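below: sequence and its predicted model.
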2 protein chains.
Amino acid sequence: MENFTIYNPSKVIFGENSLAQISNEAKKLGKKILLVYGQSSIKKTGLYDRIIHSLEDFDIVEYSGIKPNPVIDDVNKAADIARQNQVEMIIAVGGGSVIDSAKLISVAQHFEGDAWAIMKHEFQPTIATPIIAVLTLAATGTEMNPFAVVQNPQTQEKIGWGSPLTYPKVSILDPNLTTTVPVDYTAFGLADMVAHVLEAYFGDGDSPLSDSFAFSIIKEIIQIGDELLENPEDYQLRARAMYAGTMALNGLLTQGKKGGDWGVHAIGHTLSMLYDTPHGATLTIAYPAWMKFHSEKLEHRIEKLGKGVFGVEDKQTTIHLFEEFFTQIGCPINLEEIGLNQENKSEIVELLNKNHASGVFHSLDENAREYIVNLMFLKA
Amino acid sequence: MENFTIYNPSKVIFGENSLAQISNEAKKLGKKILLVYGQSSIKKTGLYDRIIHSLEDFDIVEYSGIKPNPVIDDVNKAADIARQNQVEMIIAVGGGSVIDSAKLISVAQHFEGDAWAIMKHEFQPTIATPIIAVLTLAATGTEMNPFAVVQNPQTQEKIGWGSPLTYPKVSILDPNLTTTVPVDYTAFGLADMVAHVLEAYFGDGDSPLSDSFAFSIIKEIIQIGDELLENPEDYQLRARAMYAGTMALNGLLTQGKKGGDWGVHAIGHTLSMLYDTPHGATLTIAYPAWMKFHSEKLEHRIEKLGKGVFGVEDKQTTIHLFEEFFTQIGCPINLEEIGLNQENKSEIVELLNKNHASGVFHSLDENAREYIVNLMFLKA
């Protein structure tokens, strides 16, 4: 085991009707709220009205229109509103894109410049507005970690950032708020969770109990996957998916390790940047290819993974069973499935190289990137 | 899954030389320290000197002599010292007995009366002195939870108590500080961890991922048990045991559940109260008997446990394999092994009844207690 620190101050209120606690939690933080959300879906489902009604004693300003692959421009505009109104808290209602954006808004509110400077570590924030997150999509784990992923269309970068300041103060997780998520995005969410577990698992350091927790989470997701997609309104299945997503990226799985690898996410972010592909779908394409590329170097790890998750011994079968699961839940496992062909190859490789797409522990050079792109075009 | 809240503000600094961070952490809290520890062992090992040296810039008052089964009298005396010296933090160096006592001292410092009134919920504390814990024994999980177990020889009670105020602010977990723990107490620690996992597992509510995490922790403990007792100075094995102990009782395993049962701990506390039996040893005697008593009612749970931990199907074999593991690491599994005989039976039953020893979800009446005591006398 490696040295590590456990510290996660987020309070997660999980369960049926947990939304009822929003007003009590908000009262502890002040009176002036910036409410951040995405497209119109929270208005359609009635969630917007429920929240506004619960918060009728507060002063609310709003910023809506956060995109599914969130952009820095929205962060800057929302931070301006937060600054002008001196809001005391940000209430973020949505999935990863909204809550990630809120994390950057929470620090950008206290910074006069372009928030992209924060993401590029050119400015080190020392203060953040507290965030209450209301999660409507089980996927990224953002509800219990300090990380944010935002893209900058100008520079063609989509990158991650985080600070101990940006753990949500409170996250409200009511599985009922996810029952209206369409089947495809539900599946992308499950895929994202699996990818988070794998990024931790393939990180550096030997922590047997963390490996075992990792297998537990992947097995849970595989176990509920099919059934959830067939019964998207089942509370218990939605609850299990939501809980798995939180545990997949709240620090648990890198305890005793140096950290996760994140090479596959780097590849996925580049694909989203180029084609606006949903995040989860980029990962189900990139992970099998990445494992195939590393299958010699990571032979023992892939074998241990196969044994722990599927009860199989060899690495080829393990990778194939992941492909099979992704396919089964309707996620793409190669680039042709998202409408690309060999003509797109060079632009993908080029942007991967420009963005230095690589992992923390398993680095990727130009040859590796090209090799992986070729693998991403192969059929299973 | 049941509704639940995740909130655990303890910062755990884990690993080799983590003790070096004690001074930095203490600086954040003030200058006046109450140093609490147990018997002379931290002086023998040199740990006392290392800590005093690290804290030479602070004002330190001390309270030593906390007993392995800690008593309320020591808590009251230490709280007096804390109050008189207006200490700003408590540094607790030891295992569960010392850290649990520190939790009560931290609230009793701000209360004029007998701290037993706090344990009996006759006084509700609203403020606590922050605690830095330096853990020297992997067992109780106290380093990352708010709970304390203390006994009162006058009333013949040994009970648990906890408050959101009494999470340690910082816990320093250096596995090297546990390498001098004797083999028997190392084993009692492992047994305690297994019992904590089982208390959560047999609590109410269906949370499949929590079950899977529970099996992971028990399997980890079984996997390292033998090897650790043969190589008590092995850093990696000590680290794995220490980490397992923290995860066994930091809230993880009751997420999605109504809570743990704690019936077996109630029985164990009564045995410790009567015979000063080490806590872990009381649990390895009580758990198999408790499972046998509940084997009809909890048939499916015991079978799932057996499948998840040992890969066996039936409940008898499962209970037997737990007995086998406890025996293998040198822990007693019946009352004769700790020197008791049928003549002690009535006093045990009597005190169990007087203390209303029972679980939260699986209640025990007078007949049940007598039945379980009979089972605790049976050989495997």
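Arrived safely.

remind me, longest helix of chain A?
Looking across chain A with DSSP state H, the single longest helix is helix A:208-230.

any idea how far residue A:227 is from chain B?
Between residue A:227 and chain B the computed distance is 12 Å (CB to the nearest CB, to the nearest Å). In short, each C-beta sits where N, CA and C put it, glycine included.

now the longest helix of chain A: buried residues?
The neighbour-count check on helix A:208-230 (16 or more other CB atoms under 10 Å in any protein chain shown) flags A:208-225, A:228-229 as buried.

and the strand or helix carrying residue A:190, average pLDDT?
Here residue A:190 sits within helix A:183-201, counting by DSSP states H and E. For helix A:183-201, the mean pLDDT works out to 98.

is chain B contacted by it?
No - using CB under 8 Å from any CB of the partner chain, helix A:183-201 stays clear of chain B, with a minimum separation of 11.4 Å.

tilt between that helix and helix A:208-230?
170 degrees (axes from the mean of the first three to the mean of the last three CA atoms, to 10 degrees).

quick check: next helix or strand after the longest helix of chain A?
Next element after helix A:208-230 (DSSP H and E): helix A:235-248.

and that next one, what other elements does it pack with?
The helices and strands touching helix A:235-248, judged by 3 or more CB pairs under 8 Å, 6 or more residues apart in numbering or on different chains; DSSP states H and E, are strand A:4-14, strand A:170-173, helix A:183-201, helix A:208-230, helix B:208-230.

and chain A, what are its domains?
Here the domain parsing of chain A from automatic domain parsing is A:11-178, A:183-377.

my read: residue A:6 touches residue A:250, true?
No - Residue A:6 lies out of contact with residue A:250 (CB atoms under 8 Å); the separation is 10.4 Å.

which positions in the stretch 101-250 of chain A make contact with chain B?
So the stretch 101-250 of chain A meets chain B at A:144, A:207-209, A:212-213, A:215-217, A:219-220, A:223, A:236, A:239-240, A:243-244, A:246-247 (CB under 8 Å from any CB).

what of the stretch 251-380 of chain A?
The stretch 251-380 of chain A comes close to chain B at residues A:252, A:255-256, as judged by CB under 8 Å from any CB.

let's have the residues you listed in CSV, adding neighbour count, pLDDT and secondary structure.
Converted to CSV, those look like this (neighbours: other CB atoms under 10 Å in any protein chain shown; pLDDT from 0 to 100; DSSP: H, G, I helix; E, B strand; the rest coil):
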residue, neighbour count, pLDDT, secondary structure
A:252, 21, 98, helix
A:255, 22, 98, coil
A:256, 21, 98, coil
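
tell me which of these is nearest to residue B:74?
residue A:255 (33.3 Å; CB to CB).

nearest the middle, which residue of chain A would you pick?
Compute the mean C-alpha point of chain A, and by CA atoms, centre = their mean the closest residue is residue A:140, 2.6 Å away.

which residue lies farthest from the center of chain A?
Computed with CA atoms, centre = their mean, the residue of chain A farthest from its C-alpha average is residue A:57, at 32.5 Å.

just the pLDDT for the residue nearest to it when sequence neighbours are not counted.
Spatial nearest neighbour of residue A:57, chain neighbours left out: residue A:23 (7.4 Å); criterion: CB to CB, 6 or more residues apart in numbering or on different chains. On the pLDDT scale, residue A:23 is placed at 98.

also residue A:380?
In this prediction residue A:380 is given a pLDDT of 69.

about what we covered before: how about the domains of chain A in CSV, adding distance to residue B:193?
Output for the domains of chain A, formatted as CSV (distance: least, CB to CB, whole Å):
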stretch, distance to residue B:193
domain A:11-178, 25
domain A:183-377, 11
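
of those, which is nearest residue B:300?
With CB to CB, the closest approach to residue B:300 among the domains of chain A belongs to domain A:183-377: 17.3 Å.

measure that closest one end to end?
25 Å (CA to CA, to the nearest Å).

got it, and stretch A:251-264?
OK, stretch A:251-264 end separation, CA to CA: 18 Å.

just stretch A:346-363 next, same as before
20 Å.

what comes up buried for it?
With burial defined by 16+ other CB under 10 Å, the residues of stretch A:346-363 counted as buried are A:348-349, A:351-352, A:355, A:357-362.

likewise stretch A:17-34?
Quick answer for stretch A:17-34 (16+ other CB under 10 Å): A:18-19, A:21-22, A:25-26, A:29, A:32-34.

ok, and what's touching it?
Outside of stretch A:17-34, the residues within contact range by CB atoms under 8 Å, 6 or more residues apart in numbering or on different chains are A:11, A:13, A:50-51, A:54-55, A:57-63, A:78, A:81-82, A:85-91, A:105, A:129-130, A:132, A:134, A:169-170, A:172-174, A:176-177, B:3.

so which of those belong to helices?
Per DSSP H, helices hold the following members of the contacts of stretch A:17-34: A:50-51, A:54, A:78, A:81-82, A:105.

what strand or helix carries residue A:110?
Going by DSSP H and E, residue A:110 is not part of any helix or strand.

and the nearest residue to it once chain neighbours are set aside, what is it in contact with?
Leaving aside its chain neighbours, residue A:110 sits nearest to residue A:127 (4.9 Å; criterion: CB to CB, 6+ apart). Listed by CB under 8 Å, 6+ apart, the contact partners of residue A:127 are A:107, A:110, A:165.

list the contacts of residue A:332.
A:281, A:284-285, A:326, A:338.
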